[in-house]
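Engineer: Quick one, fold the following:
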Amino acid sequence: MKKELVEQIAKERGFGDFKWVAPKRDIVVAHWVRLHCRFGCNHYGKSGGCPPTVPSVEECRQIMDEYDAALLIHVPEPEEGRVGQRKRGVELYELERAVFLAGHQKAFLLQYGACCLCKECVANGERQNCVNKMQSRPGVDAMAVDMYTTARNAGYPIEVVKTREEMPNRYAILLVE
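Structural biologist: You can find the predicted model right below:
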């Protein structure tokens, strides 16, 4: 793998705060995360990139085990709110595409939140009806990643956000190979 090239691509696209992790060892997949999706998120069953249309928790773990390396990316909070979040999602997808085109055929992005490419998701919980299949990616939580433990183990800050005024620490994962 050409780590230096992947790092250069990430930095050129404005994602310079990242760490290499080994998905098999460092990315924690847990059932409780999916429980929070199911009983605590408005996107559950309404977005093509959210449960129940994503792989099972066991399949998520198996997917992580197929990769030797991944970039854990500390994503800057967009200043423009929801519009900025959409823009940031496209930028992350473009990062994945650039890494893929650089020769890393297994490159796959896990977004830092629910897919927000469309103003209102037209998928109605059915991935086959998604109008943005090329760019839509599941979030880390949809893939059952315990981001609290994963980020802390990598030395990154992350805490439960208690008020809307607090700035969350958000993370995306680019599975490479």
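Engineer: Please enumerate the strands of the protein.
Structural biologist: Taking DSSP state E, the strands of the chain run over residues 18-21, 70-75, 108-110, 170-175.
Engineer: What is the burial count for Asp26?
Structural biologist: For Asp26, the count of nearby residues is 17 (other C-beta atoms under 10 Å). From N, CA and C alone the C-beta is placed, and that goes for glycine too.
Engineer: Turn the strands of the chain into TSV, columns for distance to Glu12 and mean neighbour count.
Structural biologist: Formatted as TSV, those follow (distance: least, C-beta to C-beta, whole Å; neighbours: other C-beta atoms under 10 Å):
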stretch	distance to Glu12	mean neighbour count
strand 18-21	13	18
strand 70-75	14	23
strand 108-110	16	25
strand 170-175	14	24
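Engineer: May I see the buried residues of the worst-scoring helix or strand of the chain on mean pLDDT?
Structural biologist: Ranked by mean pLDDT, DSSP states H and E, the weakest helix or strand in the chain is helix 81-101, scoring a mean of 84. The neighbour-count check on helix 81-101 (16 or more other C-beta atoms under 10 Å) flags Gln85, Arg86, Arg88, Gly89, Leu92, Tyr93, Leu95, Glu96, Ala98, Val99 as buried.
Engineer: quick revisit: how about the strands of the chain, which one is nearest Cys37?
Structural biologist: Evaluated with C-beta to C-beta, these place strand 108-110 nearest to Cys37, the distance being 13.5 Å.
Engineer: Show me what that closest one is packed up against.
Structural biologist: Packing contacts for strand 108-110, counted by 3 or more C-beta pairs under 8 Å, 6 or more residues apart in numbering; DSSP states H and E, involve helix 81-101, strand 170-175.
Engineer: do you know which of those lies nearest Asp17?
Structural biologist: Per C-beta to C-beta, nearest to Asp17 of those: strand 170-175, 9.8 Å.
Engineer: where are the low-confidence patches of this protein?
Structural biologist: Along the chain, the model assigns pLDDT under 70 to residues 1, 78-84, 116-130, 133-134.
Engineer: hang on, the earlier thing: a markdown table please, covering the buried residues of helix 81-101 and showing distance to Arg38.
Structural biologist: Below are these laid out as a markdown table (distance: C-beta to C-beta, whole Å):
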| residue | distance to Arg38 |
| --- | --- |
| Gln85 | 22 |
| Arg86 | 25 |
| Arg88 | 25 |
| Gly89 | 22 |
| Leu92 | 25 |
| Tyr93 | 26 |
| Leu95 | 29 |
| Glu96 | 27 |
| Ala98 | 34 |
| Val99 | 31 |
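Engineer: Tell me the one of those nearest Glu58?
Structural biologist: Relative to Glu58, the closest of these is Glu96; by C-beta to C-beta it sits at 24.1 Å.
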